[in-house]
Structure formats: C-alpha cells, structure tokens
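Chemist: here is the input, now give the coordinates:
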Amino acid sequence: MSLLRKINRILLVLLVLMVCYLIHSTLYRAPPPSKPLGRSKSVRKAAHVPTVKAPKDNTIPIIICASEERMGATMATINSIHSNTDASVLFYIVTLRDAIKQTRQYIEKTKLKGIKYKILEFNPMVLRGKVKPDSSRPDLLHPLNFARFYLPLLDINHKKVIYLDDDVIVQGDIKDLFSVKLKSGHAAAFATDCDLPPTHDMVRTISMQTTYMGFLDYRKQEVVDLGIHPRDCSFNPGVFVADIGEWKKQKITKQLEKWMEENFRLNLYSSAMAGGVATPPMLIVFHDKFTTLDPLWHVRHLGWGPDARYPENFIQDAQLLHWNGPFKPWNYPAVHLDLWEKWFIPDPSKKFSLITTAR
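Modeler: Numbers count the residues shown, from 1 in each chain. Predicted coordinates:
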C-alpha cells in the first residue's frame, strides 16, 4: 500500500510539472514569423511593399488603378509623375488579385523600382447588385472603374489624396495639383466641362457632351426629381483631389452606392451614354458641391477622335493630359501620341504592348 502511495505522489508531481510547463510555454511562446511583405489582401487591407516607410506629412498620396489589360498605361502615368517632381510621392496602386504579380514585376524590373508604392487589392464583390452587364462599352464596366467610389475603404491613411485614371500623363509638378485648397464642406475638387475655349472647340469638333443631359436619362421621373438642370455643366471624375475626412463625414460612398443600385433597378443611365456607368453617380452626388480645379490640370477629350487635335501651344501648356474616350494612345489610331509614348516603359513580362499601326 505504501508503494502505491509513493507511485501516486510521483505521478501527481509529474502532472503538476507538466501543467506548469504548458502554462510557461503559452505565456512566453515566441511570436509567429511575420507574413512576407507584399502579400495582397482585400479592398479594406493592402500589401506593404518593402520600399515604403511610414508616410510623412509632406507625402503626396496618389491613387491609380492598374488593370492587367492596361498595365502599361498605369506605368506611363506613374513615370510621368515621378519624373516631373522632386516631391515625396507615394503611389497607391489598386488592382485585382490576378494582376498583383504583374504590377510588382513591372515596377521592380524597370526604372520605376525606386518609387514608393503600395499595392491594394480591390474586391469586385462589393459591386454585386450594383452594376449591370452592358455590351456597348464593356471596358467601362471593369471593376476598377468603380474603385474611386471606395476611397475610405482603401488602406491609405491620409487626409487628402489625388485620384488619377490610368490614361493620363502629367506634364506639370504634381505638387501644384495637390496644393489645391478645397472649399469648406467639399469632399472633392474636379475640373468642369465648361472651362477653357480650346476645350470648347474640341467638344464641338467631336460632338462631345458637356452637360448632364448627356449622362442622365431625363425621361425618368427619378432623374427629373433630382432638380438638376439638364444644361448644367458636367465634370470628368478621372482626375480629382479628395478630402477623405469630408468624404467619410458626408458618407459619399453610401450615396454613390445608392445611385448604382437605383440604376440597377431603373436604368437611369447606361454605358451607351457619354460617361458610361461610373460617371453619372459622381455627377449626381457632387452636383454643385465640389471645388473647381485649374482647367490646365485636366485637359481632356484627347481620346474621343482619331483626328481631333488641340493646338500645339495649348497642349504644351497643359499640366495634365487625359485620353478619355475610346481612342487610347497605346492603341491605333490616336492623337498626340508623342506626348504619351515618351513616358511609356516596355513591360518586362511582355504581356502589355503598343499597337502602333493599323491591323
């Protein structure tokens, strides 16, 4: 019996020691290895790139999308910005999961490897029930066309940002665009479609719409009830400066989603109209509630005709050029090609290439 008691005591001591060991291991376990930098996450999170440090107050944050089909366009835009400023610029490159590797490779294996950037993955599932399939301009239905609606959901951590489409070239110093002061209560600054005489001439040449009539279906009562005059000047949302705090305060994303859902139900506009389906919600939500940019910081309509050109002296003075429209400078035909091609960087993966002659 005494031997049995001794065995029980020994077992009890071993049990106590094992429990103590497990508690010690749990409390003082070494932290798990960190995930590799550059791993992509959802629209609400982002991949940190090793070259990016914590942003300082004088950093200029630029948000630009990079689709697999137009990757070279995005890189040309970035190259033009980086080459024309001495400011500290941080590029937030928004893309889909399948294009993350190509985006990083395009930067790291070219002259752009010295830029500061962060890759953000956009989750197209946020668009479910908000965008109808439309065959007239399928390129305008690309999920990344709507990334601009979701600025506060991106991991950007800045009070003020610049958003740029991928079909622009910046000829000026991006510091000047970022320095624009937004008026009180305004969440964004755009250039109107009724600003410069040379722009008016271009619009007449290509029969481009510059009023709300060209974007909204005024036969629908819901559009009439907005109280927006059909001849009010429109604006192009491919270039803008945003106040993120004001954007959140006014719940701009929720407002934009509301009008996307309304169009999904009632077909208030379509991609067959002038600006596709991404422009009208912006026009509705920001009507009479935006700061006006210097028009030279958004000289647009370069992509609306293969022969409609601006005067050379005017185009040289422009700070930013935008080939909005179907005639892109990386395809054939297009105008003012020399001003775009000087910033083009060949794709190291060979997936993106220029079309310089008729097929």
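Chemist: number of nearby residues for residue 290?
Modeler: Counted with other CB atoms under 10 Å, the neighbours of residue 290 add up to 23. C-beta coordinates here come from the backbone N, C-alpha and C atoms, glycine included.
Chemist: measure it to residue 243 for me?
Modeler: Residue 290 sits 11 Å away from residue 243, going by CB to CB, to the nearest Å.
Chemist: try residue 112
Modeler: Residue 112 sits 28 Å away from residue 243, going by CB to CB.
Chemist: got it, and residue 184?
Modeler: 10 Å.
Chemist: ranges for the strands of the chain?
Modeler: In the chain, the segments counted as strands under DSSP state E are 60-65, 89-95, 116-121, 160-164, 168-170, 188-190, 239-243, 291-292, 320-322.
Chemist: so for residue 139, which of these sits nearest?
Modeler: Residue 139 lies closest to strand 60-65 among the strands of the chain, at 12.4 Å (CB to CB).
Chemist: who does residue 93 form a beta bridge with?
Modeler: For residue 93, the beta-bridge partners under DSSP bridges are residue 64, residue 119.
Chemist: same thing with residue 60?
Modeler: Bridge pairing for residue 60 - DSSP bridges - gives residue 89.
Chemist: run a quick neighbour tally on it.
Modeler: The number of residues packed near residue 60 is 21, by other CB under 10 Å.
Chemist: wait, it sits on residue 88?
Modeler: Yes: when contacts are counted by CB atoms under 8 Å, residue 60 is listed as touching residue 88 (6.7 Å).
Chemist: before we move on, back to that, residue 184 and residue 243 - which one has more neighbours?
Modeler: Relative neighbour count places residue 243 above the other of residue 184 and residue 243, with 21 against 7, counting by other CB under 10 Å.
Chemist: which residues does that one contact?
Modeler: For residue 243, the contact set (CB atoms under 8 Å, 6 or more residues apart in numbering) comprises 159, 160, 182, 186, 187, 188.
Chemist: switch these over to TSV; also include neighbour count and pLDDT.
Modeler: Below are the contacts of residue 243 laid out as TSV (neighbours: other CB atoms under 10 Å; pLDDT from 0 to 100):
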residue	neighbour count	pLDDT
159	12	96
160	17	98
182	16	98
186	19	98
187	24	98
188	25	98
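Chemist: excluding chain neighbours, what is closest to residue 83?
Modeler: The shortest distance from residue 83 to any non-neighbouring residue, by CB to CB, 6 or more residues apart in numbering, is to residue 343 (7.3 Å).
Chemist: for the one you found, give me its contacts.
Modeler: Taking CB under 8 Å, 6+ apart, we find residue 343 in contact with 76, 77, 79, 80, 83, 169.
Chemist: ok, now residue 115?
Modeler: The neighbours of residue 115, taking CB under 8 Å, 6+ apart as the test, are 51, 78, 82, 89, 91, 107.
Chemist: just give me the closest of those residues to residue 324.
Modeler: Nearest to residue 324, judged by CB to CB, of the contacts of residue 115 is residue 78 at 18.2 Å.
Chemist: I'd say the closest one and residue 112 touch.
Modeler: Yes: between residue 78 and residue 112 there is a contact under CB under 8 Å: 6.2 Å.
Chemist: who's more crowded, those two?
Modeler: Per other CB under 10 Å, whichever of residue 78 and residue 112 has more neighbours is residue 78, with 26 against 16.
Chemist: relative to residue 332, how far out is that one?
Modeler: Taken as CB to CB, the span from residue 78 to residue 332 is 23 Å.
Chemist: and the contacts of residue 343, which are buried?
Modeler: Among the contacts of residue 343, the ones that count as buried by 16 or more other CB atoms under 10 Å are 76, 77, 79, 80, 169.
Chemist: show me those that map onto helices.
Modeler: By the criterion of DSSP state H, membership of the buried ones among the contacts of residue 343 in helices covers 76, 77, 79, 80.
Chemist: got a pLDDT number for the first one?
Modeler: Translated: residue 76. Residue 76 carries a pLDDT score of 98 in this model.
Chemist: looking at the buried ones among the contacts of residue 343, which one is closest to residue 279?
Modeler: Proximity of those to residue 279 (CB to CB) peaks at residue 77, which lies at 19.3 Å.
Chemist: which ones are touching that closest one?
Modeler: Counting by CB under 8 Å, 6+ apart, residue 77 touches 64, 164, 166, 167, 168, 169, 170, 343.
Chemist: cool, and residue 325?
Modeler: For residue 325, the contacting residues are 301, 302, 303, 304, 305, by CB under 8 Å, 6+ apart.
Chemist: run a quick neighbour tally on residue 303.
Modeler: When neighbours are counted by other CB under 10 Å, residue 303 comes out with 22.
Chemist: ok, the closest residue in space to it that isn't next to it in sequence to residue 255 distance?
Modeler: Nearest residue to residue 303, sequence neighbours excluded (CB to CB, 6+ apart): residue 325, at 3.2 Å. Per CB to CB, residue 325 is found 27 Å from residue 255.
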